[in-house]
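K.L.:
Okay, here's the prediction I keep looking at, along with the sequence it came from:
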Amino acid sequence: MKNAFTSTKRRSVYAVTIVGTLFCIAATFIVDYPNLKELSGWTLQRTLLVDFFLPTFLAVPILYFFMSKIRQLNLARRELELLASTDSLTRILNRGAFTMLVDAYLESVNTHDPMPSGAFLVVDADHFKLVNDRLGHTAGDEALKSIADTLMSQLREKDLVGRIGGEEFGIFLPNSEPHQAESVAERIRLGVRDIDFRPEGDSYGLSVSIGGVTYDRATSYDELFQAADQRLYAAKKGGRDRVDMGLLSAFLENRNNMSIAAAVLSAG
C-alpha cells in the first residue's frame, strides 16, 4: 500500500478503493457506536444497514475516481521519464541517462570490499558514413535500429546499453568477469555481421568494431569510457570488425607513465 499512490498498476486502484471503503465503514460505526447502544430491534438493524451501505455507496465511487486519476497521472509521468531517458531512434538509453546510471552504480559499489568486477564496451558501426552516403539516411537509421536490437538481444537484464554518439553505443556489464565480457563482445560482433540488412532489396553487410575494458577497482564513467575508447581506436586501426579488450589498470598505468614522461620533458 505504501507505493499505491505512485503505482501505475490498476490493482493499486482497487486496493486503495477497498481499504479506503473499509476504513470509512469502520469510522462510521465507531462514531455512531454511542447511539447504537441505545437502540434495539428493527431500529438497530436499520441503523447498522445505513452505517454500512451509506459510506460504501459514497466511498467506492469517490475513491475509485480519485485513484484512477492518480494512476493516469503516474502513467503520464512514467511516459515523460521514458521519453527523457530514451534515444528516440533506437529506443535504448540516451547518452545522458546511460552516463548517469553507470556513474550511480559505480558510486554505490566503489566502497565495497572486494570491489565487484565489471566491464565497459564501446561499439562503433564500421564505415557508417558510407551507409548514409550510398543508401540514404533512412536506411542508415534502420541500420542503427537493427544494431541496437542486436546489442539488446545479447545482454542480461541488469546490463545497460545506450546510444552515446551518432553510430556509437556504450555497454556496461556489472558483475562481469573478463572472459564473460569478451564473450559478450564477440557475440555482439558476430550478431551484427548476421543482420539481414536489405534496404533496397540487395543485401548490405554491417559490422562493428568494439573496444572494451574490464575493471576490479574503484573507477568512474569517464575513466572507463576513455580506456574503452582507446581500445576501440586499436580495433579500428587493426582492421575493424574486431574486438579489442584491455584492463583498466593497464590503461591507468600507461596514462600515469605518459604524464610522468611529459613532466620530465617539460622540466628538462
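P.N.:
All right, it came through fine.
K.L.:
Break down the stretch 151-268 of the chain into its strands, ranges please.
P.N.:
160-163, 168-174, 208-215, 243-247 (DSSP state E, counting those that start in this stretch).
K.L.:
which of the ones you listed sits most buried?
P.N.:
strand 208-215 (a mean of 26; mean count of other CB atoms under 10 Å). C-beta coordinates here come from the backbone N, C-alpha and C atoms, glycine included.
K.L.:
Each with direction, which strands does that strand pair with?
P.N.:
Take DSSP bridges as the rule and strand 208-215 pairs in its sheet with strand 118-125 (antiparallel), strand 243-247 (parallel).
K.L.:
closest to residue 208 out of these?
P.N.:
Nearest of the strands paired with strand 208-215 to residue 208, taken as CB to CB: strand 118-125 at 5.1 Å.
K.L.:
The closest one versus strand 168-174: what angle between them?
P.N.:
Per axes from the mean of the first three to the mean of the last three CA atoms, to 10 degrees, the angle that strand 118-125 makes with strand 168-174 is 160 degrees.
K.L.:
re the thing from before, make a markdown table from the strands of the stretch 151-268 of the chain and add mean pLDDT and distance to residue 113 to it.
P.N.:
Output for those, formatted as a markdown table (pLDDT from 0 to 100; distance: least, CB to CB, whole Å):
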| stretch | mean pLDDT | distance to residue 113 |
| --- | --- | --- |
| strand 160-163 | 96 | 24 |
| strand 168-174 | 97 | 17 |
| strand 208-215 | 97 | 15 |
| strand 243-247 | 95 | 20 |
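K.L.:
Using CSV, lay out those strands together with distance to residue 3.
P.N.:
Putting those into CSV (distance: least, CB to CB, whole Å) gives the following:
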stretch, distance to residue 3
strand 160-163, 24
strand 168-174, 25
strand 208-215, 34
strand 243-247, 41
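K.L.:
pLDDT below threshold where in the stretch 1-150 of the chain?
P.N.:
By pLDDT under 70, the low-scoring segments of the stretch 1-150 of the chain are 1-2, 4-5, 7-8, 39, 74-84.
K.L.:
can you map out the helices along it?
P.N.:
10-36, 41-85, 95-109, 128-135, 137-153 (DSSP state H, counting those that start in this stretch).
K.L.:
Counting by contacts, list what the last one packs against.
P.N.:
Okay, so that is helix 137-153. If contacts are counted by 3 or more CB pairs under 8 Å, 6 or more residues apart in numbering; DSSP states H and E, helix 137-153 sits against strand 118-125, helix 128-135, strand 160-163, strand 168-174, helix 178-193.
K.L.:
contacting residues around stretch 127-141?
P.N.:
For stretch 127-141, contacts defined as CB atoms under 8 Å, 6 or more residues apart in numbering pick out 89, 125, 143, 166, 167, 199, 200, 204, 206, 240.
K.L.:
and it, which residues are buried?
P.N.:
Residues of stretch 127-141 classed as buried: 128, 131, 132, 135, 139, 140 (neighbour count, 16 or more other CB atoms under 10 Å).
K.L.:
okay, how far is it across that stretch, tip to tip?
P.N.:
14 Å (CA to CA, to the nearest Å).
K.L.:
beta partners of the nearest residue to residue 105 once chain neighbours are set aside?
P.N.:
Excluding the flanking residues, the one nearest residue 105 by CB to CB, 6 or more residues apart in numbering is residue 174, at 6.0 Å. In this entry, residue 174 is beta-bridged to residue 118, by DSSP bridges.
K.L.:
before we move on, back to that, from the contacts of stretch 127-141, which one has the minimum pLDDT?
P.N.:
Among those, residue 200 carries the lowest pLDDT, at 77.
K.L.:
Tally up the residues packed near it, please.
P.N.:
By other CB atoms under 10 Å, 10 other residues sit near residue 200.
K.L.:
any idea how far residue 144 is from it?
P.N.:
Residue 200 sits 17 Å away from residue 144, going by CB to CB, to the nearest Å.
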